[in-house]
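>>> Just need the structure, nothing else, for what follows:
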Amino acid sequence: MEISYWKSRWKNDRIGWHTGQVYPPLVSNWKRLFVNEEDTVLVPLCGKSRDILWLAETDVQVIGVEVSELAVQQFFSEAALSYSRRTKGEFEVYVSENIQLWQGDFFKLNPTWLPPVNVIYDKAALIALPPDRRKVYAKIIMDCCTSSTQMLVSTFEYPQK
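Model (predicted):
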């Protein structure tokens, strides 16, 4: 699954994984983490998830990374949030108060561009990737971590092709 595959899914509105509501396990498990106001939460492969808004309402700084420009624009439009834009490396960074959405290829993310990440919230990002890309993904995730970074990973098993 290449980037063109995911962009095509967004363009053709084939986003069956997007529910339009906050993921209930995020809400129920969030209180198990030790998170302070102003902490930074990284959400890889975030799409236009409502989870981003929910996280922002907990007064953390949210950084999402998404390859689809359409998904990022839909997120801000549907949330009725204004934003500014800047460029960092190959990313367009959309900024609105305590939300930053980095639009670009996650595999080109340089972890040194980010502030210290306190929490990584992976809602099925890992399993959305082909098996041969998962180790590279995990390496980037680990490079974003400090010794105290917490992770909340939502995953499930399914038949691999």
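>>> Enumerate the positions of the top strand by length along the chain that are buried.
Counting by DSSP state E, the longest strand found in the chain is strand 145-154. For strand 145-154, burial by neighbour count (16 or more other C-beta atoms under 10 Å) applies to Cys145, Thr149, Gln150, Leu152, Ser154. C-betas here are computed from N, CA, C, even on glycine.
>>> average pLDDT across the longest helix along the chain?
Counting by DSSP state H, the longest helix found in the chain is helix 131-143. Taken as a whole, helix 131-143 carries a mean pLDDT of 93.
>>> change the start of the numbering to 25 and stick with it
Yep, numbering from 25; the last one is helix 155-167 now.
>>> the inter-axis angle of it versus strand 169-178?
Using axes from the mean of the first three to the mean of the last three C-alpha atoms, to 10 degrees, the inter-axis angle of helix 155-167 relative to strand 169-178 is 130 degrees.
>>> So for Ser178, what's the nearest residue that isn't a sequence neighbour?
Lys147 (4.7 Å; C-beta to C-beta, 6 or more residues apart in numbering).
>>> hang on, the earlier thing: neighbouring contacts of the longest helix of the chain?
Under the contact criterion C-beta atoms under 8 Å, 6 or more residues apart in numbering, helix 155-167 has outside partners Pro68, Phe130, Phe131, Leu133, Pro135, Ile144, Asp146, Ala149, Leu150, Leu153, Met175, Gln184.
>>> still on that earlier bit, mind listing what the longest strand of the chain pairs with, with the direction of each?
Strand 169-178 sits in its sheet next to strand 141-147 (parallel), going by DSSP bridges.
>>> Can you name every helix or strand that the following helix or strand past the strand it pairs with contacts?
Using DSSP states H and E, the helix or strand that directly follows strand 141-147 along the chain is helix 149-152. If you count contacts as 3 or more C-beta pairs under 8 Å, 6 or more residues apart in numbering; DSSP states H and E, helix 149-152 packs onto helix 155-167.
>>> Counting neighbours, which bits of the helix it packs on end up buried?
Taking 16+ other C-beta under 10 Å as the criterion, helix 155-167 shows Tyr161, Ile164, Ile165 as buried.
>>> possible to save these as TSV with distance to Val59?
Listed next are those as TSV, based on distance: C-beta to C-beta, whole Å:
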residue	distance to Val59
Tyr161	23
Ile164	22
Ile165	18
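>>> Please identify which of those is nearest to Tyr47.
Ile165 (18.7 Å; C-beta to C-beta).
>>> And Leu79, which helix or strand is it part of?
Counting by DSSP H and E, Leu79 is found in helix 75-81.
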